[in-house]
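Undergrad: here you go, sequence then predicted model.
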Amino acid sequence: MKILILNGPNLNLLGKREPEIYGSQTFEDYFTKLQFHFKEVELDYFQSNIEGELIDKLHLSENEGFNAVILNAGAYTHTSIGIGDAVSGINTPVIEVHISNVMDREEFRHVSYISKNAAGVISGFGLKGYELAIKSL
Ligand code: DQA
């Protein structure tokens, strides 16, 4: 199985960004552990702060042979009709992941343009959410 982890804006700052919410581990360190833990899975990781690049990656996911995408679109989750449309327009299943429990935060984070077309949503389990998404796949 080949899985793409796609992280959106500001998630490149994990480890130093609001550690009380997002923890103190960098995603690169966590990703290395994931690869070690799930040796039987081909894991790929891409992060961008640019909405269109995330959309392009979603479009390409099928041609690039990914069986699924684990998507944390960061703040674009709550604003991007374009990313929502991309998720509904592709055949590759997408699991929406959030490190924090977005429902326990500001009201603007309660809206997701992705959830409706996601295969599932995982929120509030810290970085472990990515692991849970891989296990579910
Ligand atoms: C986030 C939650 C979003 O509301 C926020 O904008 C992020 C990270 C999370 O993983 O908890 O950047 O997606």
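TA: Good, I have the coordinates.

Undergrad: every contact and neighbour count from this point should use C-alpha atoms.
TA: Noted.

Undergrad: wait, His98 touches Gly120, no?
TA: No. Using C-alpha atoms under 8 Å, His98 makes no contact with Gly120, being 11.5 Å away.

Undergrad: who has more neighbours, these two?
TA: Using other C-alpha atoms under 10 Å as the criterion, His98 and Gly120 rank with His98 on top: 23 against 16.

Undergrad: what pLDDT is listed against that one?
TA: On pLDDT, His98 comes in at 98.

Undergrad: now swap in Ala86 and tell me
TA: For Ala86, pLDDT reads 98.

Undergrad: how about Leu11?
TA: pLDDT at Leu11 comes out at 97.

Undergrad: does it really touch Tyr45, like I thought?
TA: No. Using C-alpha under 8 Å, Leu11 is not in contact with Tyr45, being 12.0 Å away.

Undergrad: overlap in contacts, the two.
TA: Residues touching both Leu11 and Tyr45 (C-alpha atoms under 8 Å, 6 or more residues apart in numbering): there are none.

Undergrad: who's more crowded, those two?
TA: Neighbours per residue (other C-alpha under 10 Å) separate Leu11 from Tyr45, with Leu11 holding more: 20 against 14.

Undergrad: for that one, give its distance to the ligand.
TA: The spacing between Leu11 and the ligand, counted by C-alpha to the nearest ligand atom, to the nearest Å, is 6 Å.

Undergrad: and that residue, its phi and psi?
TA: Torsion angles at Leu11 (phi, psi; degrees, to the nearest 10) stand at phi -80, psi -10.

Undergrad: who touches it in this structure?
TA: Phe27, Gln47, Gly74 are the contacts of Leu11 under C-alpha under 8 Å, 6+ apart.

Undergrad: out of the residues you listed, which is most surrounded?
TA: Going by other C-alpha under 10 Å, Gln47 tops these with 20 neighbours.

Undergrad: where's it relative to the ligand, distance?
TA: 12 Å.

Undergrad: noted, bye for now.
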